[in-house]
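> Prediction below, plus the sequence it came from.
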Amino acid sequence: MVKDPLHVKKLTPEQLSTLATEIRQELITVLAKNGGHLGPNLGVVELTIALHRVFSTPHDKFVWDVSHQIYVHKLLTGRADRFHTIRTTDGLNGFALRSESAHDCFGAGHAGTALSAALGMCAARDQKKTDENVVCIFGDAALTNGISFEALNNIGHTTKKFIGILNDNEWSIAKNVGAVSGYLNKLITSPRYNALARDFEKFLMRLPKGEVALKLAHKAEEGFKGAIADVGMIPKGESPGTDGRGGYGSPVLFEEMGIRYLGPIDGHDLPLLIQTLEFAKSCDHPIVIHVLTQKGKGYEAALNQPEKFHGVGPYDIVTGNTAPAKPGTPPNYQDVFGATMVKLCKKDNTVVGITAAMPSGTGLKALEKAMPERYYDVGIAEEHAVIFAAGMATMGFHPVCAIYSTFLQRAYDCIHHDVCLQDLPVIFCMDRAGLSANDGPTHHGLFDIAYLRCLPNVIAMAPKDEDELQDMMFTATLQKHPAFIRYPRGAAEGVPIKDQPALLELGKAEVLQNFSNTGGRKVAIFGLGPMCTLARKAAAKLVSEGFDCAVINPRFTKPIDVGTHEFFGRAADVVLTLEDHALMGGYGSIVLETFSEKGISTPVVRIGWPDQFIEHASSQDVLRQRHGLTVDNAVAKVKAQFAEAPAAAKLLEIA
Ligand SMILES: Cc1ncc(C[n+]2csc(CCOP(=O)(O)OP(=O)(O)O)c2C)c(N)n1
């Protein structure tokens, strides 16, 4: 395997193709154990090799959109010997990370950022008058994202040198959606363009063995349809199409933005890719090369199931099967969410479901299957999803936006300006609220309580189990205000789910266990959402050591149940809060503020995530152990409060 990107430049064409085979083998073998983004990476093997053949990182910059397709780049940039650690504790991260390598010039994990970042680098280079090439690699689904278009709109008048690679495999995670995806498809199938092809032909002719190269390009015509035809030429008898310029299927979208378009070309044809990139490198105007790739190329199971193998757990290499859940494993929160959406939509025709390109991940696919007319996939467009929902809400609907907590951050202004300010009854089901352990800091959902609690009109809830998730979803559909429900990734608690959901009292906590008043020192334990399980365990341990514990499920972080918090705050000697959220601005902070307002001075031990970006690891348990979100740590901290109490009293006496 190649240890340094410079080696890629020395290999013969045969060796390059052997390298591609070896890389595919490595991807398939390692990800069978670790899981990860297999399909997208199998699709960019030749493209990444060609990029390293033509350009030189870290001097030249590769900016990958989302950067889930960066594994091949990692393998070629000095990380092959650690590749087996990808997505595991202390191993390589599954995304671009500036702190991991000088070859990762821009970190990502959220979609749609690459074009802007790359353009920023071009502007900096132009200011500095240096000569780095900046290459932006973005998928067809990135073009469903607003930021991508904001950047495209800016490229032509910002820089003369910008290289974009549109990696088009027709898939987002699910099948790509929307008009742009249809447009790209027309580009692929239309025979009429492209002016740049002439320049490209001339370029090829200037190369040593130029005629051979040109022939090769013509031979590859099947995968290279656009590059050798004329721009804007409308075949006889055909109308100019709806745009009135080059017609449908012409690259006007890019050309009108001042970006030259070349393609589409076969993204698995290494010699052609290398020549095309050499040409792009020589261009003195912004250019986008439209590259066609196959998600999962080289591995049958991934080719046949592109959605499953976009991001997959450990699998059997021969069959491609992932391990079935162990018998008795509770359903995932995502499945309960999907089933509840179907139930609610059947009950109430004002309820609809909206996803931003995550039908499977969120579980909303169940609604698509059962009631497709009540289901909307808007593409990777969280801001649009939220404002679209706000629009529907003004017309009497109760739209449910199923968006991961981390991705909802992008739509913060829309939540503020379009939903909360107008007090519209949009419901947000915030999946992945908590850790996404293998993915790491780009995907952990640890900030939503903090970013929502300051907004007026918000109702914010966290269910302790799957049955309560159902109740909260139902309760949310009956509100006249924005409602947010946060719940984690993966298996729920395994409690029975009622046939019909119940209406919860707004802003009312649930006391799961009251003080026994048997004489022990009193500890009131508040466990937010599924942290109730930890709260119960901590209580059991403390009770076994002679303490008297109450366990409370707060249910709501807004409006907070002031009465219940006040009661237990006054009754307890120590209060313990447990949350799967950043401590800074989280639920424990709400409790402290409430106590401060009520003049309650009972010590509060807060367990949650510290004020730092939490790394990735093999599992949630590893990270919880490392950062103290454990029963043992909670119990030790509570006991330390009792140990400190007499010392504090003494100090007062001396004073
Ligand atoms: C803001 C945001 N929303 C959703 C996602 C989830 N997501 C990760 S990759 C992906 C699809 C990317 O498709 P594309 O850009 O075409 O790349 P491909 O995987 O097809 O190579 C989505 C929706 C994300 N990373 N960021």
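Perfect, thanks for sending it. Residues are numbered from 1 along each chain as shown.

> Output the longest strand belonging to this structure.
Determined from DSSP state E, the single longest strand within the chain is strand 574-582.

> Name the residues linked to the residue nearest to Ile459 when sequence neighbours are not counted by a beta bridge.
Leaving aside its sequence neighbours, Ile459 sits nearest to Ala483 (CB to CB, 6 or more residues apart in numbering; 4.4 Å). Backbone N, C-alpha and C define where each C-beta goes, glycine included. Per DSSP bridges, the residues bridged to Ala483 are Ile427, Ile459.

> Ala483: how many residues sit nearby?
For Ala483, the neighbour count with other CB atoms under 10 Å is 26.

> go on, Glu373?
Glu373, neighbours per other CB under 10 Å, totals 9.

> And Pro530, by the same measure?
26.

> before we move on, what SS does the closest residue to the ligand within the stretch 451-600 of the chain have?
Relative to the ligand, the nearest point of the stretch 451-600 of the chain is Arg489 (13.4 Å; CB to the nearest ligand atom). Judged by DSSP: H, G, I helix; E, B strand; the rest coil, the three-state class of Arg489 is coil.

> now Ala502
coil.

> circling back to that earlier point, average pLDDT across the longest strand of the chain?
Averaged across strand 574-582, pLDDT comes to 98.

> And stretch 462-481, by the same measure?
Mean predicted lDDT for stretch 462-481 stands at 98.

> And it, what's buried?
Buried positions in stretch 462-481, judged by neighbour count with 16 or more other CB atoms under 10 Å: 462-477, 481.

> could I get that stretch in PDB with only the CA atoms?
What follows is stretch 462-481, C-alpha atoms only, in PDB (Å, rounded to 0.1, in the frame of the first residue of the first chain):
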ATOM      1  CA  ALA A 462     -37.200  14.400  26.500                       C
ATOM      2  CA  PRO A 463     -38.900  11.000  26.900                       C
ATOM      3  CA  LYS A 464     -37.500   8.500  29.400                       C
ATOM      4  CA  ASP A 465     -38.500   5.600  27.100                       C
ATOM      5  CA  GLU A 466     -40.200   4.700  23.900                       C
ATOM      6  CA  ASP A 467     -43.700   4.700  25.300                       C
ATOM      7  CA  GLU A 468     -43.200   8.300  26.500                       C
ATOM      8  CA  LEU A 469     -41.800   9.200  23.100                       C
ATOM      9  CA  GLN A 470     -45.100   8.200  21.600                       C
ATOM     10  CA  ASP A 471     -47.000  10.200  24.300                       C
ATOM     11  CA  MET A 472     -44.800  13.300  23.700                       C
ATOM     12  CA  MET A 473     -45.400  13.100  19.900                       C
ATOM     13  CA  PHE A 474     -49.100  12.900  20.400                       C
ATOM     14  CA  THR A 475     -49.100  15.700  23.000                       C
ATOM     15  CA  ALA A 476     -47.000  17.900  20.600                       C
ATOM     16  CA  THR A 477     -49.600  17.500  17.900                       C
ATOM     17  CA  LEU A 478     -52.200  19.000  20.200                       C
ATOM     18  CA  GLN A 479     -50.200  22.200  21.000                       C
ATOM     19  CA  LYS A 480     -50.500  25.600  19.400                       C
ATOM     20  CA  HIS A 481     -46.700  26.300  19.900                       C
END
